[in-house]
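# curious how this folds, go ahead:
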Amino acid sequence: MASLFDRITPRDPAPTNTGASGSNLFGNLGAASTQASGSNLFGTASTQPSGASLFQPATTPTAGSSLFGGATSQAAPSGNSLFGNTANTTSGTSLFGNNAAQQPATGASLFGNTNNNASKPAEPGASLFGGAGQSKPFQPATSLFSNNNTNTNTNTQQPQQTGSSSVFGNNILPSQSLQQASAFDRPINPNAPPAQPAYFQALLDKGSKRMADDNAGLPQLQYSLQDIQRKARNIGQGSPSRNLAKAANSTRSQYILSASGVNVSNSLRDIEELMDTTTAARPAPQMDMPDYGSTSGVKGFLDRYHRNNFEQSIERHLQEAKDDFDRMVDEQLHMDKVDWEKFHNRIYVHFGLKKPEEIDDDAADGALASSGGFGRSRRSKFGGSSTLRQSFGLPNATKSVIGTTSVQGMRQSTFSDVADRLPADGLRPAPEDRKQRAKQDKYSGKVKDLNVARIQEKAYPILSSFCEVETEPSNDDTTMLINAYKALISITGEDASKDNLSEPGVIKERQYARDYLDETPGSKPQTAVRKRIINGSRAFLENLFHTQLEATVARSPREANVGGVPTAVAKAKGYVRVRAARKELGPDIEILQEINGDYCWAVLFYMLRSGLLQESVQYVDENAGAFRQIDRKFAGYLRAYVNSAERRLPPELQTAISNEYSARQRLAPEDSIDPYRMMCYKVIGRCDLAKRNLDNITTDMFDWLWLQFALARDYNRQDEFQHEAFGLVELQQSIKEIGDRYFGPSSEIANAPTTFFFMEVLAGMFEKAIADLYPHNYVSATHFAIALDFYGLLRVSSDLSNDDLLSRTTRDQAQIAFGSMVGLYTRDFRTANSTAAVDYLTLICLNADLPGDMGRTQRDLCHEALVEVTLETREFAQLLGDIRSDGQRIKGAIEQRLKLIKLDNEREFMKTITLVAARTAEEQSRVTDAALLFHLAEDYDKVLEVINQAVSVYITTELGDQPARLTPLKPRGQQQGQERDERLSSLSLTAIDDPAELAMSMRQLYMSHDVYRTKCKADNLEITERLIALARARALLEQGKWAEVIDTISQTNLLPTTTSGDTSAIRAQVLAFSSYPAVLARTIGHIMLWSVVACSNQVAHLKQAEFETGVQRATIGRCVQMAKDVVVFAGLIRYRLPGRVWEGLARVAGEMGEF
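Numbering: from 1, shown residues only. Predicted coordinates for the structure are as follows:
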């Protein structure tokens, strides 16, 4: 049995088998067989005589048939195969014809005869798709696509050949010998196996025989129908051989041109471009004139012409919408690289599914807000992500200044560095806590008082005022915050008792800005600021301890035993007695030295600790003898220390006290030295600065801090010894190290954030202190920043592209994003209290006095924040101003603070803020807002244009539909105790939602005041008057007052209602219509419908009258003529009317029955 795949080529080069071939799916592809094979789908060996193939029934015992034709070297007559003969056979039929390389019999193939060897005669076999072998001229093998045989050595000596036919290619001449019986002609043998289907082969054979019998004696065709069709198609184009010859000539020409130095491809490209240019420059063919004679009439022509124009208009609009969408997609997806992961993270954060710290910095970047909010296009007429980005020149601003309004329970920080240090529950929104909300209200009241004092040019104790707010009851321990405010009061020297700026010693706005921001190393301004911080912090700690000392003595009068006169010295002695009674003077009280029953060194130490320097000298003088016995030089050290303004000893005394301290520390027996004596020496002489601790003394954090500031001195590196160099810079480094070690995120210290904040404030690390407090208490942190910035003790950032709250300058100095911090703080309450938000945002302009671009950037940032809060809250009347019914202007909250936002005059204010807000309101179709804002900007023509647009939309609403209403202005807040006066009522206090009513109010206002009327164009006033009349006509039409509708429309002079059939007058009206503005032109279709409907109903009403009079008949005639004129007018302006107008006119005209 032949295998399915292993015998594709003959195994023996000269097979000698003469038996009949079997039937196989791929034909007999193997070696010769010695016995006759039967019929099988896959060529299974059988002892039966030659059977039938899958597509060919058995006809002779000697012919084998295979699905793909015979592939063995047999000499049997031809059979049928699916692919024809593919081996050295003399018979066998294949689907694709005979592909043998020897002397095959001709057959029909799918792709025609592809055999080029026909040196010997062959007997053609029948293939499913036609013969692939060589055939005689009158017996061609026909292919599905054509006869591709190019062999000319045909054998014409065979008188008889087996006819072959293909399913798709019929041989015209039938076979004359060895005719194979058709499946329909064979007798039925009940014992024979089921015959294989022959498909269409038998039918084709029968048809071929009938054609041969019918055409006896007639000339026979040489080509099939497909060949004839191909020949007809190639007429004038040449045969395939001609095409090949042309291609050869073309190739030869290319070689010749290339050899001559001509670049054929470039030349061909230039010729094609020239042809395209010529084609584009060729004028478009003119449209054929319409054939009026072929139409059914003018009405039919106009109907088709209008329909064509309407369809073209729709197609044009659809194409424009498609192009616009493609441009939007190209801008959104192709212009910039889209990172979908960032958008996913933004959505997660927006809906509270992620915290900002869970995503990277890029995903949390405010630059993504330039995409605007979700679902908003980034394209804007103003460009960029902010409204004023071009107006105020903020190219580096990538996010909103004021941020989005916070959602309850979902507030998160937009500062990337703050998000990393947030507590586990995130920022706690103040509005969710009643006490925190009350605290915010009190803070906003203080900020309002601050701005009022600034406008009135009065002094305002901002630190004292904010400290009062922190003293209010709260859920948190605010002791350290209160201490921080008091420390700043001590540093700045603020005096709450002084109100006038002219008073001596009063602290003015931005007083320390120049010195604090001076970046020159070792300059006098910097030295003065450092000294102020050291002395102020030490003085605060001393005053704080003195207060505690007096409180302790007052609580324990028996233990203190102060005596008759409670002097400072007596209180210090009493405090020592109380601590001794409580065993708080130290671990070993026996080593403490006494004078007159008091621990003298402890009394002196606590007097130094309380800042009682003169009192300490008095105490030493009172006990001079005793102190001379203990230490005869100490009185001189103390007196020199107290008399020095910088608390420094002269060099000789400094050396002496240092030597004495070192000797006692080194030579004295252990546990034999009074620790308070050693501490007095350390403080007065600044001894052993490497060890700045209170050894063997019961102390707390405040005592340690005081010791640091008592030992710190501002010094010059060139004059100071290395071992005596301890100033503010070294103190700040010590505070930083303590914070990193003990006040980290996992600190267990009570009130760790506020405690460390207090320490940083004492050390003058203001920017870092605010950044560390912000994640835990953003309300207090923001107001500390405001107070520091008011006095100029805060370095603000001018880099608007930085998303960090705390950043560094090029000189490695800390700076705070003050503008963004204040703007984000207002999102808690700006919706409910926009005026308070304006009070806060104006504080950004405190930094407008900075030199160069920094000050200008801060001012522009303030202006942008004001515009954003105005557009977000839509409190235009409250913030930008209002107008009374008599035209008088009411100033808004921003305009009242013009002096604080560094605008020179009112005109500049209108240009920078009001106009931008007005254009934005116009883009968002907020008519009342835009009208008010343009009026405040004194652009009165624009007010009329906006109102006319709204009235035009109102008029063009279909009858029966509810016209769109306007969104009224938010009313301006009334002052408490102010009664409502209708004469002084403002535009915002009148809830106007009707466009026609708004137009009437504004027109009446402008017409009643010459100052407005002279600044308005007469055309705009006339258009407004006509639109108001049309709106009134619509209302009358809905009420059924037909006569009044006709009269009102006639007054507008938009329709030919008074032409009385005069064609020239109607044409003049048409010419006038071409000059109408769009707001009037778009209403003409609805007006015509109204007029015709009103005429029809008026005629019907008059005809129903009981008596007929001459006046009645004349009125009916005028109404009918008016309707006719309107229809004629509509026909002359047909291209400007929608289709429904024609339908309505025709329907109403039919109802009137007069046309």
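# tell me which stretches of the stretch 651-800 of the chain form strands.
Applying DSSP state E, counting those that start in this stretch to the stretch 651-800 of the chain gives no strands.
# quick one, phi psi at Ile890?
Main-chain dihedrals, Ile890, degrees, to the nearest 10: phi -110, psi 120.
# burial measure for it, as a count.
By the measure other CB atoms under 10 Å, the count of residues near Ile890 is 17. C-beta: built from backbone N, CA, C; applies to glycine.
# can you check the pLDDT for it?
On pLDDT, Ile890 comes in at 83.
# helix/strand/coil for the closest residue to it other than its chain neighbours?
Nearest residue to Ile890, sequence neighbours excluded (CB to CB, 6 or more residues apart in numbering): Asp882, at 4.2 Å. Put simply, Asp882 is strand when judged by DSSP: H, G, I helix; E, B strand; the rest coil.
# same deal with Leu903?
coil.
# if I look at it, how far off is Gln813?
Distance of Leu903 to Gln813, computed by CB to CB, to the nearest Å: 31 Å.
# more neighbours: these two, which one.
Counting neighbours by other CB under 10 Å for Leu903 and for Gln813 shows that Leu903 has the greater number, 21 against 12.
# who touches that one in this structure?
Contact analysis of Leu903 by CB atoms under 8 Å, 6 or more residues apart in numbering lists Phe909, Thr912.
# give the contact list for the residue lying closest to Asp476 once chain neighbours are set aside.
Counting by CB to CB, 6+ apart, Asp476 lies nearest to Asn777, which is 7.3 Å off, once chain neighbours are set aside. Residues in contact with Asn777 (CB under 8 Å, 6+ apart) are Asp476, Leu481, Pro753, Thr754.
# what about the first one, how many neighbours?
Summarising burial for Asp476: neighbours were counted as other CB under 10 Å, giving 14.
# could you do the last one as well?
Number of residues near Thr754 (other CB under 10 Å) recorded here: 23.
# pretty sure Ser866 contacts Thr912?
Small correction: residue 866 is Leu, not Ser. No: under the criterion of CB atoms under 8 Å, Leu866 makes no contact with Thr912, lying 9.1 Å away.
# these two: which is more packed in?
Applying other CB under 10 Å to Leu866 and Thr912 shows that Leu866 carries more neighbours, namely 30 against 19.
# measure the more buried one to Arg686 for me?
Using CB to CB, Leu866 is found at 52 Å from Arg686.
# who's in contact with stretch 941-956?
Contacts to stretch 941-956, defined as CB under 8 Å, 6+ apart, come from residues 918, 922, 927, 930-931, 934-935, 963-964, 966, 995-996, 998-999, 1002-1003, 1006, 1015-1017, 1020-1021, 1023-1024, 1027-1028, 1030-1031, 1034, 1079-1080, 1082-1083, 1086.
# domains of this protein?
As assigned by the TED database, the chain contains the domains 435-522+716-793, 524-715, 795-938, 1056-1154.
# comparing those domains, which comes out most buried?
domain 795-938 (a mean of 21; mean count of other CB atoms under 10 Å).
# any chance of the domains of the chain in CSV, plus distance to Leu959?
Below are the domains of the chain laid out as CSV (distance: least, CB to CB, whole Å):
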stretch, distance to Leu959
domain 435-522+716-793, 52
domain 524-715, 77
domain 795-938, 22
domain 1056-1154, 8
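# so which of the ones you listed is nearest Ser1050?
Ser1050 lies closest, by CB to CB, to one member of the domains of the chain: domain 1056-1154, at 4.4 Å.
# next one: phi and psi at Pro775?
The phi/psi pair for Pro775 (degrees, to the nearest 10) is phi -60, psi -20.
# I meant Ala1081, not that one.
Here is the backbone geometry of Ala1081 (degrees, to the nearest 10): phi -60, psi -40.
# so how far is Ala1130 from it?
For Ala1081, the distance to Ala1130 equals 13 Å [CB to CB].
# for Asp303, same thing?
Asp303 is 14 Å from Ala1130, by CB to CB.
# do the same with Asp1062
16 Å.
# got it, and Leu705?
92 Å.
# repeat that for Arg530.
Taking CB to CB, one finds Arg530 at 88 Å from Ala1130.
# likewise Trp601?
In terms of CB to CB, Trp601 sits 113 Å off from Ala1130.
# and what of Ala496?
81 Å.
# where in the stretch 801-950 of the chain is pLDDT low?
887, 904-906 (pLDDT under 70).
# ok, Thr920 touching Glu868?
No: here Thr920 does not reach Glu868: they are 10.2 Å apart, not a contact under CB under 8 Å.
# where do the strands of the chain begin and end?
594-595, 598-599, 806-808, 814-816, 881-883, 889-891 (DSSP state E).
# pLDDT score for Arg1026?
Confidence score, pLDDT, at Arg1026: 92.
# repeat for the one 5 residues further on
Per-residue confidence at Ala1031 stands at 91 (pLDDT).
# wait, isn't it in contact with Arg1003?
No: the criterion here is CB under 8 Å, and Ala1031 misses it with Arg1003 at 11.9 Å.
# give me the more crowded residue out of these two.
Neighbour count, other CB under 10 Å: between Ala1031 and Arg1003, Ala1031 has more, with 23 against 20.
# list the residues that contact the nearest residue to the more buried one once chain neighbours are set aside.
Of all residues not flanking Ala1031 in the chain, Ala996 sits nearest, at 3.8 Å (CB to CB, 6+ apart). When contacts are counted by CB under 8 Å, 6+ apart, Ala996 is found next to Val951, Tyr954, Leu1027, Ile1028, Ala1031, Arg1032, Ala1035.
# and those residues as a markdown table, adding distance to Leu544?
Formatted as a markdown table, the contacts of Ala996 follow (distance: CB to CB, whole Å):
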| residue | distance to Leu544 |
| --- | --- |
| Val951 | 70 |
| Tyr954 | 71 |
| Leu1027 | 74 |
| Ile1028 | 74 |
| Ala1031 | 74 |
| Arg1032 | 77 |
| Ala1035 | 77 |
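# from the residues you listed, which land in helices?
With helices defined by DSSP state H, the entries of these inside them are Val951, Tyr954, Leu1027, Ile1028, Ala1031, Arg1032, Ala1035.
# how close does the closest residue to the last one other than its chain neighbours sit to Tyr954?
By that I understand Ala1035. Leaving out its chain neighbours, the residue that sits closest to Ala1035 by CB to CB, 6+ apart is Ala996, at 8.0 Å. Distance of Ala996 to Tyr954, given as CB to CB: 6 Å.
# now do Ser537
Counting by CB to CB, the separation of Ser537 from Tyr954 is 69 Å.
# what's in contact with stretch 652-660?
The contact list for stretch 652-660 (CB under 8 Å, 6+ apart) reads Lys633, Gly636, Tyr637, Ala640, Arg648, Leu649, Tyr681, Ile684, Gly685, Arg686, Cys687.
# would JSON lines of these with pLDDT be doable?
Listed next are those as JSON lines, based on pLDDT from 0 to 100:
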{"residue": "Lys633", "pLDDT": "90"}
{"residue": "Gly636", "pLDDT": "92"}
{"residue": "Tyr637", "pLDDT": "93"}
{"residue": "Ala640", "pLDDT": "94"}
{"residue": "Arg648", "pLDDT": "88"}
{"residue": "Leu649", "pLDDT": "90"}
{"residue": "Tyr681", "pLDDT": "93"}
{"residue": "Ile684", "pLDDT": "94"}
{"residue": "Gly685", "pLDDT": "91"}
{"residue": "Arg686", "pLDDT": "91"}
{"residue": "Cys687", "pLDDT": "91"}
